[in-house]
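> sequence and predicted model, in that order:
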Amino acid sequence: MNTETVRDRSALVIGGTGITGHALSRELAAQGWRVASLSRRAPAPLDGVATIRADLTDAASVRAALTGLSPSHVFFTAWTRRETEAENIAVNSAMVRHVLDTVGPTGRLRHVALVTGIKHYLGPFEAYAAGETRDTPFREDEPRLSAPNFYYAQEDELWSAAERHRFAWSVHRAHTVIGHAVGNAMNMGMTLAVQAALCRAEGSPFVFPGNEVQWNGVTDMTDATLLARQMIWAATADGVPSQAYNTANGDLFRWRRMWPRIAELLGVEPEGYRDRPRPLEEQMAGKAAVWRRLAEREGLAEPDLDRVASWWHTDGDLNRPVECFTDLSRSRGAGFTEHVDTLTSFAGLFDTLRKERVIPA
């Protein structure tokens, strides 16, 4: 029987400034863990969280930052995007390797949790949902796709280190994550909130940017705090095997129903799919100056549009040619039964963005 208490646990969160890493650091601290958060740039301060700066792509930088640190648990939420998938594989697998080569040999490491996503089932950016894919609902025991994928390379590094250093592991395959992190490269919730703020400022409708498949098809999403709690559960619960877990809120929806409800939360007039996709990169082209003026007038925290909106990512998610949702039977059967209503998750994020002056009230 596991007699470990929370006082025995020390967490190292890799990627603490991201959507998942920020939520995870906050959740761990609230539960009483000793928490260190590593990132390239300085994070917003969180009570109970020590901060470490390092360049994950540089092995020497990681060693210098982590030497002397002996975490019992590592939560790896970081990634970086490069021009080609070959570069993505080289860089992102090295980031995992640099961390585990440093903290693995300490002998204290008990569990490493790695966040990936449903590109595991859809393919990499270069062929995203355009070639071979898996059938929905996506299940963890599906074989890997034939296309090279940096998620697979990260998993391989994790498994190799786990065998060498004898720690348990988990992989968490999240769908699109709803959470708060300024400057994040993949942030649909914040992107939609910024889109709506610009629409309000210019008196234009809130236009769905995606295709007909996504408008009418079934999908799901992942709340950042739910993802954090699943990672902590997998890392600490008795009898949980080392394996991959899909992570989603537990409800299914269609964008044709969700879009007007998000519009209502954001105070804009919705306009759904009509005849063709209308990507945000087209809709929002040239809006940087509009956002800067809006930020100045409303006293917003971030005047740089590129820091609060990732048009390309939301366009990619909402223009996939296949419907996307995950099977959660594995984690539920193993004991993780938490769920979140997706509209409630969006509403909570929008309230936070208003409170922190990221979008106008």
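Yes, it's here. Numbers count the residues shown, from 1 in each chain.

> which residues does the helix of greatest length in the chain contact?
Using DSSP state H to define each element, the chain has its longest helix at helix 85-103. For helix 85-103, contacts defined as C-beta atoms under 8 Å, 6 or more residues apart in numbering pick out 12, 14, 38, 56-59, 62-63, 66-67, 69-71, 74, 76, 78-82, 109, 112, 114, 124-126, 147-150, 153-154, 156-158, 161, 165. Using the backbone N, CA and C atoms, a C-beta is placed for each residue, glycine as well.

> right, and the helix or strand after that helix?
Next helix or strand after helix 85-103 toward the C-terminus (DSSP states H and E): strand 111-117.

> so what secondary structure elements neighbour that next one?
Counting contacts by 3 or more C-beta pairs under 8 Å, 6 or more residues apart in numbering; DSSP states H and E, strand 111-117 is packed against strand 73-76, helix 150-165, strand 168-174, helix 224-236.

> what subset of the contacts of helix 85-103 is buried?
With burial judged by 16 or more other C-beta atoms under 10 Å, the buried subset of those is 12, 14, 38, 56, 59, 62, 66, 69, 71, 74, 76, 78-79, 109, 112, 114, 124-125, 147-150, 153-154, 157-158, 161, 165.

> next, the buried residues of stretch 201-215.
Here stretch 201-215 shows 201, 206-211, 213-215 as buried, counting by 16+ other C-beta under 10 Å.

> in strands only, show me those residues.
Within those, residues falling in strands by DSSP state E are 206-207.

> Serialize the buried residues of stretch 201-215 to JSON lines and add fields for pLDDT and distance to residue 99.
Below are these laid out as JSON lines (pLDDT from 0 to 100; distance: C-beta to C-beta, whole Å):
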{"residue": "201", "pLDDT": "96", "distance to residue 99": "42"}
{"residue": "206", "pLDDT": "98", "distance to residue 99": "41"}
{"residue": "207", "pLDDT": "98", "distance to residue 99": "42"}
{"residue": "208", "pLDDT": "98", "distance to residue 99": "39"}
{"residue": "209", "pLDDT": "98", "distance to residue 99": "36"}
{"residue": "210", "pLDDT": "98", "distance to residue 99": "36"}
{"residue": "211", "pLDDT": "98", "distance to residue 99": "38"}
{"residue": "213", "pLDDT": "97", "distance to residue 99": "38"}
{"residue": "214", "pLDDT": "97", "distance to residue 99": "35"}
{"residue": "215", "pLDDT": "98", "distance to residue 99": "40"}
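
> which two from the buried residues of stretch 201-215 end up farthest apart in space?
201 and 213 (30.6 Å; C-beta to C-beta).

> related to what we said a few turns ago, most packed of the helices and strands packed on strand 111-117?
Comparing the helices and strands packed on strand 111-117 on average neighbours per residue, with mean count of other C-beta atoms under 10 Å, the densest one is strand 73-76 at a mean of 28.

> now what about that one, what contacts it?
With contact meaning C-beta under 8 Å, 6+ apart, strand 73-76 is reached by 9-15, 21, 24, 28, 96, 99-100, 103, 109-115, 154, 158, 231, 235-236.

> ok, the closest residue to residue 334 other than its chain neighbours - how many residues close by?
Closest residue in space to residue 334, ignoring its immediate chain neighbours: residue 240 at 5.6 Å, by C-beta to C-beta, 6 or more residues apart in numbering. By the criterion of other C-beta atoms under 10 Å, residue 240 has 18 neighbours.

> show me the contacts for residue 240.
Residue 240 is in contact with 170, 233-234, 334-335, counting by C-beta under 8 Å, 6+ apart.

> state the distance from it to residue 271.
To residue 271, residue 240 is 45 Å away according to C-beta to C-beta, to the nearest Å.

> repeat that for residue 172.
Residue 172 sits 35 Å away from residue 271, going by C-beta to C-beta.

> and for residue 183?
From residue 183 over to residue 271 (counting by C-beta to C-beta), the distance is 29 Å.

> residue 74 too?
45 Å.

> kindly report the same for residue 118.
Distance of residue 118 to residue 271, computed by C-beta to C-beta: 27 Å.

> higher neighbour count, those two?
Neighbours per residue (other C-beta under 10 Å) separate residue 118 from residue 271, with residue 118 holding more: 26 against 16.

> my guess is that one contacts residue 172. True?
No. With contact defined as C-beta atoms under 8 Å, residue 118 does not reach residue 172; the gap is 11.3 Å.

> what secondary structure does residue 182 sit in?
Under DSSP: H, G, I helix; E, B strand; the rest coil, the three-state class of residue 182 is coil.

> next: residue 246.
Secondary structure, three-state DSSP: residue 246 is strand.

> what does the closest residue in space to it that isn't next to it in sequence show for phi and psi?
In this structure, residue 246 finds its nearest non-sequential neighbour in residue 326, 4.0 Å apart by C-beta to C-beta, 6+ apart. Taking degrees, to the nearest 10, you get phi -110, psi 150 for the backbone angles of residue 326.

> count the residues that sit near residue 326.
So residue 326, with other C-beta under 10 Å, has 26 neighbours.

> isn't it up against residue 248?
Yes. Counting by C-beta under 8 Å, residue 248 is a contact partner of residue 326 at 5.0 Å.

> what touches both of the two?
By C-beta under 8 Å, 6+ apart, residue 326 and residue 248 have these common neighbours: 175, 220.
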